[in-house]
Every structure is written in C-alpha cells, then in structure tokens.
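In: Generate a structure from the sequence data that follows.
(chains A and B)
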Amino acid sequence: MATDLRISNISKIYPGCIANDNVSLQFKSGKIYALLGENGAGKSTLVKILSGVVSPDNGEVFLNEKNLKLSSPLDAKKNKIGMVFQHFNLFETLSVFENLSIDATEDNESLRVRINEILKKYNFSIDLDVPVLNLSAGQKQKVEIIRCLLRSPKVLIMDEPTSVLTEQETEELFISLKKFCDEGILIIYITHKLKEVLSLCDEVAVMRKGKVVSVSQTQNERVETLANKMVGQKLAKIKKKINISKNKDEIFKVKHLNFYSDDPFETNLVNLNFSVKKGECLGIAGISGNGQNELFQILSGEIITPDTSIIFRNKEIAKLNPKQRREYLMAFSPEDRISQAAVPELKIYENVALNNFKSSNFFEKGLVNEKKIKEHSKKILSDFSVNTDNVELKSQFLSGGNLQKLILGRELITAPELLICYNPTWGLDVGAINYIHETLIKINDQEKSTILISTDTEELLKLSDRIAVIYKGKLSKIMPSEEVTPEKLGVLMGGGSID
Amino acid sequence: MIKIEKRNDVPMALYFFTPFIAIILTILGGGIIFYILGFNPIEALKFYFITPISNLYGFSELLLKATPLCLIAIGLSFCFKSNNWNIGAEGQLTFGAIVGGGVALLFYNQEGFYILPLVIIAGAIGGMIFALIPAILKTYFNTNEILVSLMLVYVSKLLLDYLVVGPWSNPEGFNFPETRQFSDSSRMPLLFDGLRIHSGIFLALAAVMLSWFVLYKTYLGFQIKVSGLSLKTAKYAGFKGKTMILVVFMISGACAGLAGVGEITGPIGQLHRMISPDYGFTAIIVAFLGRLNPFGIIFASLIVALTYLGAETAQIFLQIPKYTGQVFQGMILFFLLASDYLLFFKVKILNLKKNELRH
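Out: Predicted coordinates for the structure are as follows:
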C-alpha cells in the first residue's frame, strides 16, 4: 500500500530561536527524500516532531490523510514511523539479540525467527549473540535498522546515518535503503552531505533558518546549486596548493608510540611511528574509535606513555605535560570543544587564559592579570572574526563555529610551530568550516606544521600533504595526498589493505 | 506525565537569592513541625530564632558557634569547588584538636606568649596531615575520597577517646574522660569580659579574606575553578591535577584543624570526648548554603549557628530535644537542594488523555 506523509504548517519556537517556521512538506512512498540543511537549520527539530520527541507549537502531521497525534515516541512507533538516530540507542554490554528483544512484544523464539528472516532478506551479516560493543559502527546501525524493520514501518527516518561509516559501509547502507524504498517504505534521509543527496535521493528539500527554502528533483541539482541553497550565499572555493615540502626538515618525530589500556572502551595503540615536516599538514584518517582519542591525548601530553620518543624541534618532549609542550610552541585543538577545549560556564576571557604560555603574562607571580587576559582575548575575537566583542560573555552562548574560532584563535595566537587538531570542523556549518579550513591552510603557508586527525575524508583530502590511516590502533603507511583517493582511504579505514 | 527540562539561562542574581528562599521555607517547615508537635508555632519559632540572639551574651554565643563553621566551610569550599568531595572535616577538626591539644598539654604548667601560636600552628598542621591521607590515597591509589575521608572521622574520634581515657587523661581527674586544663597561655584571648567570644573569630575572618583572594585572584584559584567545572579541560590545559588535589585537601584540613584548635583553646580549655557538635559535618551545609563564596559563607555560618543556639533555647523553654537543631539543618539543605533543582531545571506537566495513560 502506498504511504503518503504530509507535514502541514509546522512551527516550533524555542526561547530565542524559531526552529521550524511554518514548514509544509509532502512525501510519498517509492522515493527517497533528502532533508538537507546546515546545523541549526531546523532538520533535527522537524525529525523530533515526526518521531514524537518534541511537540510542535502549531501545525499537523498527516499519514495517509489521517491526522497523527505524536505526543511521545510511542505514538510514532504505533503509527509505524521508524527512526534511526545519529547516536545509537543501544546497550553496549548486552548482546545484539538482547538489545532487539528489549521492547519486543513477542516471545524470543519467534523474534529470533523474524530477525533471521530480515538478516537473510537484506543480506546483513551480524552475529546476534555478541555484545554490541564488539560491533563496528556500521553493524550497530544495522541493529538499529533491524529494530525498526521488526515493526514493519511505513516511514523510516535516517538522521545523518553516514557520519560514522566507512565508504564501504555507506555504499552498503545505500543499497539497503534503495531496497527498502522499492518495498514501499517511505524514506526520509537527513544529512548535510551534498554528494550523498545526489547519489541516493530522488527529491530534496532544503531547509535554512527554520524554513523550507526549496524542494526539487535531485536530477536537476548539482553539488554547487545545493550548497548555495543550503548556505544561502555563493561559496568561495578553497583549494590548497600542493606544498613542495620534500626536502624540508622534520620538525616533529614520533617513535615507538605504544599505549595499553585496561579500559575496554579505550583503544590500544601499537607501535606508531611518523614525522611531520616544516610547513606540512599530516592528515590522520580513520573512523572514530580507532585510537584517535588516545593518539591525540598522547601527542598533547595529557597521557604520558613510557618508552615513547617524541622529538619536537630537536628536543625530547615525551615526558612533558601539555602546558610544558606549549612552551615549546605546540598547540592543541581537541575534538570535544564543549567540555574539553573550553568550559561553557566560563567567560570568554577565562577560556582564553587556559592557554597560559609563559610569555603571555596572564598570571604574574601566581596572580591573575585580568587586564592582560582581556586585552589578549579582544585581539583573538577580532583577529579570528568571532561574532562578539564582549570578552565577559559566557562561552556557552557562542555557536559551535564561533567557539571553534575562539579556540583556534587561542591556540594560534602564540604562533605555534605545530598545531595538532582533532576533528576541528565537527558539527559546524559550511561557513564556519570554510573559515577553519582557510585558517589551517594559512598556517601551512606560513611554514608552520599541522597534524590533522579527522574522520572527515573530504577535509583530509583537501588539507593534507600526506595522509595515513589509523585502524584499530595501528597506523597505515603514510601516503602523499596526490596518490590518495576517497576509495583508497575508505578501504584502509575499513581495515582493508591496498597495494 | 511529568517532564524535566534543563533551563538554558539561569540568572546569577537568582542563584544567590535561592538560599534565602531555602531559609524562609525552612522556617515555615519548622513552624509546621512545631504545630504538629502541639506547640504554638509562632512562639516556638520565636524561641528558636529570636530569643537566642536578643541579648549580648546570645549574640556572642552566635559568633562563637559561627566561627568554627565558617572556618571549616571556607576550607571545604576549596575542595568542593575543584570537585574533591572531602566530607571528613569533622575528622580533620578532631585530629587538629588532638595535635594542637597535645602541644598545649606539653606546656600545661608553663606560661609564655609563644605557646598559643605554637598550639594553633600544630592544630593546623594536624588537620592538614589528616586531610592528606584521603588526598594521597585518591591521587596515587585511585580511592574514593568520600569514603576514605568519612571513615577517617571515626578513626580520629576513637583516637581522641583513647587518649582522653588513657595516656592523656588528667592524673588528678578522678578518671573522668578528659585531659588537664590548658594553661592560660594556651587559651584564645577573650574579646570581652563575661562573654565567651574569643579571638579565634579573627582567624575565621582572615580565612575569608585570604580565600577570596586565592580563589578569585590567583592562578591556583583559576585552576581550582576550571578543574571544578571540567576535569577534562584541566588536564588539557596541563594543570598539575595531582598537586592541586593535595593542595586543596591541605587547605581544607588546615582550616578544619584551626577550627578544632579554636574550640579547645577557646570555650573548652581542655580535651575531652565531645569537642565538636558535628561542626565538621554541618559545615558542609554551610559551604553550600553560602554558595562556596567566601562572603556567602559568613552569612550561612551565622544562620546555621543560629539553629544550634535555637535548639538549645528550645530545649530549655519548650522541653524539646536539642537535636531539633539537626532537623533544621537538614531542612535547610533539603530546601536548598530542592530550590537549586527547580532553578536549574523546569518541570513540565504534560496533559495526557485517559487512554494515553495506559502506556
């Protein structure tokens, strides 16, 4: 039976922000729909409304002309609307089967039969009796999808499903989604990745600032046209010029980096060796959870590992803590900008004082030099075009992009010889991403080096001079980026090997 | 159905105002309890909160009780602000009193201006050492400081018990569980004749000023603040986490030790079993009621000291046990936590129709 989902004049207003402004959309089964938009465009709110997590202030949702009352996720389930969130809702220590049986209404035997049918039908290979924590991100996602399929959904909503997948896993996902679509399930695919929209979806709705700005057939669209609709302005293309760094000095050299942890949720690192040349950007690719966290913390000095040798500007720094490493002109931008790189409850200038290098004189003889810190903060705010000049503002009121600019500004104002950043553009919108990318390129142009640990292959290919892949705590060989293609990276990130 | 949501923007003014709401609610709650017990609530509350401080002597008693509370709470604020949950201040107070008292007993038959400073320093060092035990165990052996510091309270109390009935008991004391009286040179000078308020209050005031300076104007204070908000950030910024844990515990222990010494060299004048009516525990309430802010703590210590006095007055005039003081202290903490909860979260009541309730 054909499914017809209609959203009519939905509005949702949060204090200080209109998340959805009179949104009307229509979806019909047999097609895959993309909902495209930057962070904060209102996609998530709309999806939360459809899945019953949030109630709209105004407007209605119709499924096959029936007016739906979606006041809780249970209502969405009852009405056969399935949802796979970006962050998985699975119990890591329970087995796959236990996870699936938690909210099942039937007995275990018939449930197992039905799960096996689904596995066979869609060619999923998942061992039902292993704990979820042993699964890859792609497999976990499949478990979530199976959970939806068990309820024979009419609508399946996928929220940024590829952000944690390898290229291969993404392809597999797309094949499955097309299959579901052929079987009459209406698929709504939420993303900010333009290429995915073009390769997977039939129709695309673009949202910007809470409003639907365009609905169109994807065959009439190109990456550039969609990007312009999404951002609402012409994007300047930035392209890194290839750095001729063949004969430059090695400024940073890591030898025998090993890390063993008793914590099952941490990844052991096995004998990493690499070096960075002056003015070079070394990219480290990988799906998150393959040791990047641990690597970043060891490079920054938050974790000190015995036997590792880290040479920076001809000095051994492996035993130094982050503050001491900063004195040697290293800088760090961690992935978690909200609870690590900055403290939301602190004011902007206090967050700036976290990078307390000696010559800053932020703290003289143990006393706070507030005037100095504030002056310095003002300079960062204007040099890095953060959209406020109030250094007394608590940083929780900065948007992700502005916060990241502040953090980068704080780290770069010391003119470091080496910047190590980990997913610097994670969760940011296109405008902010461009700004950060330009900044990172500028650093290399000034003969300073960067190590870019990132899960975004596009970003790595754009910025890196050489790229290595980290997989299960091991580093692949380091390749010049001209020789690297997204497919090659995908193979390595998924644990395969290339010649 | 009830739904709880985090509020995004909590005004600072309201944050410092809620302790007053908590106090008003405590007084109302106390009135209700008195009413249920069959007393005239207005009269009972008057005995509790007004009679005790209606004369000079009462007021001096209020300051006397507020002094140790304030000192300990100031010390605790260093720990609490940096996410170290030292709840063993009572033990640090006791151990400080033991060490300080030990020095005072050494000089029991001597006079000299140098004796009191020695006793005070010994007490502070005693508290500091005792606080270092949970701190070292936490930093080097990953133990939980809440459990260790709490259990050490009983260790120090039993040690005090042993000393006052055993080796340190007064040889001329007819086997009473108490030591000799300290000599006058080991006693805190009284501020006024006939009142018990002593110069220990200056120690508390000095601690307030010093802690304000350290917490808000120094690099150590900045590190404490950042670590309290996010340990991950502190690590990333390269703060010496272990050293800081040791330092805040030492500050906190020293303050508790000073409070202990203030009691035994002030109103008590010797060591015996009951040197503190749980000041070390009550100071936890004081620290939070004062919002971990040095000046807030002054105010909070006065309020909580009043519950001690009120309980004594109520015992005399209304014949109700003085442990009602603890009921009031408990209510203050309860209402404070509750109003904080409502300050940071909003409760939404969602309307559901009957048939939806089945889920």
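In: Excluding its own residues, what touches the helix or strand containing B:Ile21? List them.
Out: Per DSSP states H and E, B:Ile21 falls inside helix B:12-36. Contacts to helix B:12-36, defined as Cβ atoms under 8 Å, 6 or more residues apart in numbering or on different chains, come from residues B:40-42, B:44-45, B:48-49, B:289-291, B:293, B:296, B:300, B:303, B:324, B:327-328, B:331-332, B:335-336, B:338-340, B:343. No exception for glycine: its C-beta is placed from N, CA and C like everyone else's.
In: Can you identify the element that follows it toward the C-terminus?
Out: Counting by DSSP H and E, the next helix or strand C-terminal to helix B:12-36 is helix B:41-49.
In: returning to that earlier point: got the angle for the helix holding B:Ile21 vs helix B:41-49?
Out: 120 degrees (axes from the mean of the first three to the mean of the last three Cα atoms, to 10 degrees).
In: Return the set of buried residues in helix B:12-36.
Out: Neighbour counts over helix B:12-36 (16 or more other Cβ atoms under 10 Å in any protein chain shown) mark B:18-19, B:21-23, B:25-27, B:29-31, B:33-34 as buried.
In: what pLDDT does A:Asn79 get?
Out: Looking at A:Asn79, its pLDDT is 89.
In: Please, where are all the helices along the stretch 1-150 of chain B?
Out: If DSSP state H, counting those that start in this stretch is used as the criterion, the helices of the stretch 1-150 of chain B fall at B:12-36, B:41-49, B:56-81, B:89-106, B:115-141, B:145-165.
In: highest average neighbour count across these?
Out: Sort the helices of the stretch 1-150 of chain B by mean neighbour count, taking mean count of other Cβ atoms under 10 Å in any protein chain shown, and helix B:89-106 sits at the top with a mean of 29.
In: helices or strands up against that helix?
Out: If you count contacts as 3 or more Cβ pairs under 8 Å, 6 or more residues apart in numbering or on different chains; DSSP states H and E, helix B:89-106 packs onto helix B:56-81, helix B:115-141, helix B:145-165, helix B:241-263, helix B:279-289.
In: These into CSV, with extra columns for mean pLDDT and distance to chain A?
Out: Formatted as CSV, the helices and strands packed on helix B:89-106 follow (pLDDT from 0 to 100; distance: least, Cβ to the nearest Cβ, whole Å):
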stretch, mean pLDDT, distance to chain A
helix B:56-81, 96, 12
helix B:115-141, 96, 15
helix B:145-165, 96, 21
helix B:241-263, 95, 9
helix B:279-289, 95, 17
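In: Figure out which of those helices is closest to A:Met493.
Out: A:Met493 sits nearest to helix B:241-263 of all the helices and strands packed on helix B:89-106, at 34.0 Å, using Cβ to Cβ.
In: Put the alpha carbons of that closest one into CSV.
Out: Presented in CSV, the C-alpha positions along helix B:241-263 are these (Å, rounded to 0.1, in the frame of the first residue of the first chain):
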residue,chain,number,x,y,z
GLY,B,241,46.0,17.7,38.7
LYS,B,242,47.6,15.6,41.5
THR,B,243,49.4,18.5,43.1
MET,B,244,46.1,20.5,43.1
ILE,B,245,44.2,17.7,44.8
LEU,B,246,46.8,17.6,47.5
VAL,B,247,46.8,21.4,47.9
VAL,B,248,43.0,21.8,48.3
PHE,B,249,42.9,19.0,50.8
MET,B,250,45.7,20.6,52.8
ILE,B,251,43.9,23.9,52.8
SER,B,252,40.7,22.3,53.8
GLY,B,253,42.3,20.2,56.5
ALA,B,254,44.2,23.1,57.9
CYS,B,255,41.0,25.2,58.2
ALA,B,256,39.3,22.3,60.0
GLY,B,257,42.3,21.8,62.3
LEU,B,258,42.2,25.5,63.1
ALA,B,259,38.5,25.2,63.9
GLY,B,260,39.3,22.3,66.3
VAL,B,261,42.1,24.2,68.0
GLY,B,262,39.8,27.3,68.3
GLU,B,263,37.3,25.2,70.2
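In: What are the buried residues along that helix?
Out: Going by neighbour count (16+ other Cβ under 10 Å), the buried part of helix B:241-263 is B:241, B:244-263.
In: Just give me how far that helix sits from the chain centre.
Out: Mean C-alpha position of helix B:241-263 versus that of the full chain (Cα atoms, centre = their mean, to the nearest Å) differs by 12 Å.
In: Let me know the angle separating that helix from helix B:145-165.
Out: Interaxial angle, helix B:241-263 versus helix B:145-165 (the same axes, to 10 degrees): 30 degrees.
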